[in-house]
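Trainee: got a sequence here, can you model it:
(one chain, ligands or ions: 1)
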Amino acid sequence: MSYRIKWRVDEATKRANLLAEIHDDRTTLDALPELIRLVVKSSIPEGGWTAENTSGRAGRKLQRDLIKLQRLVRAKAYKAYAPVLQKYMVGQVERVIAQALTAYRRIYGVRAPDSHNFPQSPHVLLWSQAIQEEIGEGSELVLATGPITESVGLRLYENIGIVFGKDPTPQQLGSLKVRVGETARQVTRINETTRNLLAAKVRLSVSRGETVFETAEWIRNNMPQIATNRVPTITRTEMGRVQDTAVKVAMRDSKVVSHITVMGCEAIERDGPHFQGFPTCNIRNVPIGYERELVFHPNHTGMIVASGYYHQDGRTPNLPLGGGPYSD
Ligand SMILES: [Zn+2]
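Mentor: You can find the predicted model right below:
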């Protein structure tokens with residue numbers, strides 16, 4: 001084997017090993033940037049990406065790399081976020097049940113053989129107090145999921161920077177953290193839904209004349225509907241939100257991307273947010289300066305890609321804004 005061929009084989013093997021390591025489930029988000037750096041190192045053109053050198057095959061590969069990177073981070077983000085959310089949601093329903101039963105026993109004793117005669121309104125009150133006390137505004141949820149959200153945002157931002165050949169400055173990381181923090185706090189809305197769902201279950205159970213203990217049992221048996229069933233959707237929405245934010249800010253800060261395109265949403269909503277008349281689910285060539293106006297409906301699964309790059313001389317390309325196809 002000639003030296004040159006051996007060198008090529010060695011390089012290909014090294015790249016394959018790195019890619020395997022990147023996709024390994026045990027590779028954490030924090031370990032990704034170093035690996036990605038090694039893989040993309042050689043593919044950035046001299047002088048950086050421009051409209052001139054992204055029009056052909058190199059540009060398509062760059063776009064594929066960005067999609068692959070987002071898919072990868074998305075998968076790792078879901079794996080980190082979903083169990084934390086699930087534990088939290090199951091825990092809060094359990095706490096409501098424990099709290100209601102404790103309050104009941106404090107007033108009526110442990111055995112409560114006559115609980116069938118327990119009047120409806122104190123029964124409902126007892127549960128609604130437990131719900132109010134145990135399912136608060138959600139600040140503990142922000143505490144539990146905040147670090148995951150922040151790390152997903154920062155890592156994705158950093159990795160996209162690497163793909164574009166840019167290293168983030170401390171100021172850029174600081175302002176990204178603020179943007180990501182804004183999205184992380186929106187998760188508290190899910191507690192309102194949980195409170196409403198629980199209150200509805202209680203009303204139904206009480207109206208059927210069930211005892212406090214039967215209501216507790218009914219809630220426990222229906223917990224998957226109350227909590228766990230919502231985990232995938234909430235995870236998709238919350239992780240999608242932080243990813244979209246990180247991608248938009250990373251592309252803006254790259255100073256090479258002039259336009260972005262959204263594609264591939266699997267849950268297109270005609271009535272969702274629009275940008276200049278076009279639904280944001282699938283939209284082409286949004287000037288990067290408008291990234292803050294590009295917002296999405298809950299459960300949106302589209303991917304943001306770069307679709308325009310500044311010219312070598314700094315000019316912004318003239319690209320038409322457009323809508324993508326609907327599929328309903
Ligand atoms: Zn969508």
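Trainee: which secondary structure elements does the helix or strand that I5 is a member of contact?
Mentor: When secondary structure is defined using DSSP states H and E, the element that contains I5 is helix 3-23. When contacts are defined as 3 or more Cβ pairs under 8 Å, 6 or more residues apart in numbering; DSSP states H and E, helix 3-23 sits against helix 32-40. Any C-beta I mention is one placed from the backbone N, CA and C, and that applies to glycine too.
Trainee: tell me what I283 is bridged to.
Mentor: The residues listed as beta-bridge partners of I283 by DSSP bridges are V262, G323.
Trainee: okay, now it: neighbour count?
Mentor: One way to gauge burial is a neighbour count; for I283, by other Cβ atoms under 10 Å, it gives 23.
Trainee: next one: N282
Mentor: Going by other Cβ under 10 Å, the residues that sit close to N282 add up to 19.
Trainee: try the one 4 residues further on
Mentor: Look at V286: counted by other Cβ under 10 Å, it has 25 neighbours.
Trainee: still on that earlier bit, starting at the chain centroid, how far to the helix holding I5?
Mentor: For helix 3-23, the separation from the chain centroid amounts to 32 Å (computed by Cα atoms, centre = their mean, to the nearest Å).
Trainee: which residues does it contact?
Mentor: Residues from elsewhere that reach helix 3-23, judged by Cβ atoms under 8 Å, 6 or more residues apart in numbering: M1, T27, L32, L35, I36, L38, V39, L72.
Trainee: narrow those to just the buried residues.
Mentor: Of all the contacts of helix 3-23 considered here, the ones buried according to neighbour count by 16 or more other Cβ atoms under 10 Å are L32, L35, I36, V39, L72.
Trainee: coming back round to it: pLDDT of the helix holding I5, averaged?
Mentor: Rounded to a whole number, the mean pLDDT of helix 3-23 is 80.
Trainee: tell me the angle that helix makes with helix 32-40.
Mentor: Compare the direction of helix 3-23 with that of helix 32-40 by axes from the mean of the first three to the mean of the last three Cα atoms, to 10 degrees and you get 150 degrees.
Trainee: residues of helix 3-23 that come out buried?
Mentor: By neighbour count, with 16+ other Cβ under 10 Å as the criterion, the buried positions of helix 3-23 are L18, I22.
Trainee: pick out the residue closest to the middle of this structure.
Mentor: A centroid search over the chain (Cα atoms, centre = their mean) returns M239, at 0.5 Å, as the residue closest to the centre.
Trainee: quick check: pLDDT value at the residue nearest to it when sequence neighbours are not counted.
Mentor: Distance criterion Cβ to Cβ, 6 or more residues apart in numbering; nearest residue to M239, sequence neighbours excluded, is A77 at 4.5 Å. A77 is assigned a predicted lDDT (pLDDT) of 92.
Trainee: any figure for the gap between A77 and I160?
Mentor: Taking Cβ to Cβ, to the nearest Å as the measure, A77 and I160 are separated by 14 Å.
Trainee: got it, and L85?
Mentor: When Cβ to Cβ is the yardstick, L85 and I160 sit 25 Å from each other.
Trainee: contacts for stretch 227-235?
Mentor: When contacts are taken as Cβ under 8 Å, 6+ apart, the neighbours of stretch 227-235 outside the stretch itself are 78, 81-82, 85-86, 89-90, 92-93, 187, 190, 193-194, 298-299.
Trainee: apply 7 Å and report the result again.
Mentor: Applying Cβ atoms under 7 Å, 6 or more residues apart in numbering, the contact partners of stretch 227-235 are Y78, Y81, A82, L85, Q86, M89, V90, V93, I190, T194, N299.
Trainee: contacts only, for D167.
Mentor: D167 neighbours (Cβ under 7 Å, 6+ apart): G161.
Trainee: pretty sure it sits in a strand.
Mentor: No. Checked against DSSP: H, G, I helix; E, B strand; the rest coil, D167 lies outside a strand; its state is coil.
Trainee: and it, what are its phi and psi?
Mentor: Main-chain dihedrals, D167, degrees, to the nearest 10: phi -100, psi 130.
Trainee: does anything pack onto the longest helix belonging to the chain? Which helices or strands?
Mentor: When every helix of the chain is counted residue by residue (DSSP state H), the longest turns out to be helix 57-108. With contacts defined as 3 or more Cβ pairs under 7 Å, 6 or more residues apart in numbering; DSSP states H and E, the packing partners of helix 57-108 are helix 120-134, helix 139-163, helix 189-207, helix 212-221, helix 223-226, helix 231-254, strand 303-309.
Trainee: report the angle between the axes of the longest one and strand 303-309?
Mentor: In this case it means helix 139-163. Compare the direction of helix 139-163 with that of strand 303-309 by the same axes, to 10 degrees and you get 40 degrees.
Trainee: quick check: angle from the helix or strand just after helix 139-163 to helix 139-163?
Mentor: Where DSSP H and E defines the elements, the next helix or strand beyond helix 139-163 is helix 170-185. Calculated by the same axes, to 10 degrees, helix 170-185 forms an angle of 140 degrees with helix 139-163.
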